[in-house]
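K.L.:
sequence first, predicted coordinates after that:
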Amino acid sequence: MGFIAMEAIVIRFINVEDGNACNDFHNNFYGKDRTDTQWKWEFLHSGLPEIPFVVAEKDNKILGTLAQIPIRMIDHDGEFLTGKSEEALLDPDIRGKGIYPAMFEKIFAYMESQGTLVVWGFTPAIKANLQAGFEAHTNIGQLFFPMHADAVNVLLKNNTLSKVKIIGIKILCKLSGVFSAASLYSTGVRINNSLAQNICLKTLSTPPDECVDLCRTFVRQWGGTTILRDAGFLSWRIFENLHIRATVRAAYLDDRLLGWVAYSLDDNSVGHIVDIIAASNELNPLDMETVVAVLLKDAVVRLRKMGALGVRAWKVNRHPFDDLVARAARKVGFYFIPRGEWMVLHYLQGSAARPSLRSIDNWYINRIYTEGVLG
């Protein structure tokens with residue numbers, strides 16, 4: 001495109017009619033085919049006075065985009081609003097010119113005016129986000145259940161390793177798959193199997209009536225904060241997702257909801273644990289680990305029947321439930337991979353009233369539909 005005069009660039013909030021141009025910019029940038037309907041589903045749901053989506057443009061041509069998805073969270077003190085960053089894209093010709101921080105400055109001010117306490121997201125672009133005022137949390141890893149050596153092709157996509165090393169990793173993956181399969185079918189010897197046999201699993205087609213109560217129980221049992229999975233959020237983000245529809249399996253004991261797992265299969269035939277949450281006023285943490293293991297095992301078995309090459313989940317931090325999921329996953333046959341995209345956070349003025357937000361280990365967010373075509 002050549003030289004662009006920075007003073008000619010306008011940073012503004014979008015109108016509804018800008019949606020097609022914003023989506024075209026995204027598709028041209030990534031070589032994707034996201035539809036205008038999917039774009040509207042993603043960004044026009046918030047109900048805020050302004051659409052929390054800004055663009056950088058020159059002569060009515062979009063050169064950058066930046067959006068916020070308002071997400072309500074819950075902790076011991078109740079509900080509060082956060083912003084999940086999405087669509088942070090800049091034309092290469094305007095990078096390093098201060099446009100990205102200027103776009104965030106505009107959207108930070110607006111989100112703060114709406115009572116948002118913190119803006120967060122997942123990104124590989126740490127330097128640019130630090131310059132925009134974010135803090136970085138870089139200790140994110142993955143939990144992976146291998147089923148086929150071809151899963152390596154997905155895990156190492158765009159990697160520059162030699163063919164010899166890749167072949168070696170494939171052999172290790174195949175061997176790991178054998179051990180994981182054996183571990184999967186012997187899960188019962190490592191958990192409270194009598195409890196596991198009494199758990200009833202049901203497939204949900206709509207949000208459960210107890211979803212908000214479960215979130216309240218969750219923060220009482222495990223502490224910290226998590227996404228408020230109310231009926232509106234679950235309907236929009238999971239049950240009516242226009243990218244990939246997840247399967248949701250809920251665990252019940254004596255007709256009491258204990259939690260659920262949501263999973264999907266992407267275009268590369270890799271399964272994703274989209275969400276997993278569990279809590280109970282009656283069961284202790286060790287028993288809850290059994291509940292999570294039952295949910296994970298069910299997801300793995302069903303994803304394998306769907307043709308999955310492997311199953312991925314995220315290990316974000318040291319939140320007590322995040323650690324519990326990791327322990328349960330290992331009992332099922334998952335491996336820990338200390339590699340994943342980094343999390344960034346920017347605290348707005350109102351966050352001072354909730355000092356616990358400053359510790360990332362108080363957050364439980366397992367990347368519920370927060371990346372790529374998964375939504």
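P.N.:
Great, that's in hand. Please read all numbers here as calculations on a predicted model, not as lab measurements.
K.L.:
how about residue 245: what's its closest non-neighbour residue?
P.N.:
Distances taken as Cβ to Cβ, 6 or more residues apart in numbering put residue 264 closest to residue 245, at 7.1 Å, once the chain neighbours are dropped. In short, each C-beta sits where N, CA and C put it, glycine included.
K.L.:
burial of the one you found, as a residue count?
P.N.:
Neighbours of residue 264 under the rule other Cβ atoms under 10 Å: 23.
K.L.:
name whatever forms a beta bridge with it.
P.N.:
Bridge pairing for residue 264 (DSSP bridges) gives the partners residue 272.
K.L.:
can you give me the pLDDT of it?
P.N.:
Residue 264 is assigned a predicted lDDT (pLDDT) of 92.
K.L.:
likewise for residue 163?
P.N.:
Listed pLDDT for residue 163 reads 62.
K.L.:
residue 83 falls within a strand, correct?
P.N.:
Yes: counting by DSSP: H, G, I helix; E, B strand; the rest coil, residue 83 is found in a strand.
K.L.:
would you indicate which residues of stretch 186-200 are buried?
P.N.:
Going by neighbour count (16 or more other Cβ atoms under 10 Å), the buried part of stretch 186-200 is 187, 188, 190, 191, 192, 195, 196, 199.
K.L.:
for the helix or strand hosting residue 70, packing partners?
P.N.:
Taking DSSP states H and E as the definition, one finds residue 70 inside strand 61-75. On a contact count with 3 or more Cβ pairs under 8 Å, 6 or more residues apart in numbering; DSSP states H and E, strand 61-75 meets helix 19-30, helix 36-43, strand 53-58, strand 78-90, helix 99-113, strand 116-123, helix 211-222, strand 225-227.
K.L.:
CA atoms of that strand as CSV?
P.N.:
These are the backbone C-alpha positions of strand 61-75, laid out as CSV (Å, rounded to 0.1, in the frame of the first residue of the first chain):
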residue,chain,number,x,y,z
LYS,A,61,-11.1,2.4,3.8
ILE,A,62,-10.7,0.2,6.9
LEU,A,63,-7.0,-0.3,7.9
GLY,A,64,-7.6,-1.7,11.4
THR,A,65,-10.2,-3.2,13.7
LEU,A,66,-10.6,-3.7,17.5
ALA,A,67,-13.6,-5.0,19.4
GLN,A,68,-14.7,-5.9,22.8
ILE,A,69,-17.1,-8.7,23.8
PRO,A,70,-18.8,-7.6,27.0
ILE,A,71,-18.7,-10.6,29.4
ARG,A,72,-20.2,-10.7,32.9
MET,A,73,-18.3,-12.5,35.6
ILE,A,74,-19.0,-13.5,39.1
ASP,A,75,-17.1,-13.7,42.4
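K.L.:
just checking: what are the partner strands of that strand?
P.N.:
When pairs are called by DSSP bridges, strand 61-75 turns out to pair with strand 53-58 (antiparallel), strand 78-90 (antiparallel), strand 225-227 (antiparallel).
K.L.:
if we can go back for a sec, now the buried residues of stretch 186-200 as a markdown table including secondary structure and pLDDT?
P.N.:
Below are these laid out as a markdown table (DSSP: H, G, I helix; E, B strand; the rest coil; pLDDT from 0 to 100):
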| residue | secondary structure | pLDDT |
| --- | --- | --- |
| 187 | helix | 88 |
| 188 | helix | 82 |
| 190 | helix | 88 |
| 191 | coil | 90 |
| 192 | coil | 92 |
| 195 | helix | 96 |
| 196 | helix | 96 |
| 199 | coil | 98 |
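K.L.:
ok, which pair from those residues is furthest apart?
P.N.:
For the buried residues of stretch 186-200, the maximum inter-member distance is 15.6 Å, found between 190 and 199 (Cβ to Cβ).
K.L.:
for the stretch 201-350 of the chain, give me the ranges with low pLDDT.
P.N.:
Within the stretch 201-350 of the chain, not a single segment meets pLDDT under 70.
K.L.:
do that again at 80, thanks
P.N.:
Flagging of the stretch 201-350 of the chain using pLDDT under 80 yields the residue ranges 339-341.
K.L.:
now the helices for it?
P.N.:
Per DSSP state H, counting those that start in this stretch, the stretch 201-350 of the chain has helices spanning 211-222, 231-234, 285-305, 320-332. These are given in chain order.
K.L.:
other SSEs contacting the second one?
P.N.:
Helix 231-234 is packed against helix 211-222, with contacts defined by 3+ Cβ pairs under 8 Å, 6+ apart.
K.L.:
ok, and for the helix it packs on, which residues are buried?
P.N.:
Counting neighbours by 16+ other Cβ under 10 Å, the buried set in helix 211-222 is 211, 212, 214, 215, 216, 217, 218, 219, 221, 222.
K.L.:
mind checking the end-to-end distance for stretch 259-272?
P.N.:
Start to finish, the residues bounding stretch 259-272 are 17 Å apart (Cα to Cα, to the nearest Å).
K.L.:
about what we covered before: residue 139: which of the helices and strands packed on strand 61-75 is closest?
P.N.:
Of all the helices and strands packed on strand 61-75, the one in closest proximity to residue 139, counting by Cβ to Cβ, is strand 116-123 (13.0 Å).
K.L.:
what packs against whichever helix or strand comes after the closest one?
P.N.:
Past strand 116-123, heading to the C-terminal end, the next element that is a helix or strand (DSSP H and E) is helix 126-131. Using 3+ Cβ pairs under 8 Å, 6+ apart as the contact test, the elements touching helix 126-131 are helix 99-113, strand 135-137, strand 342-347.
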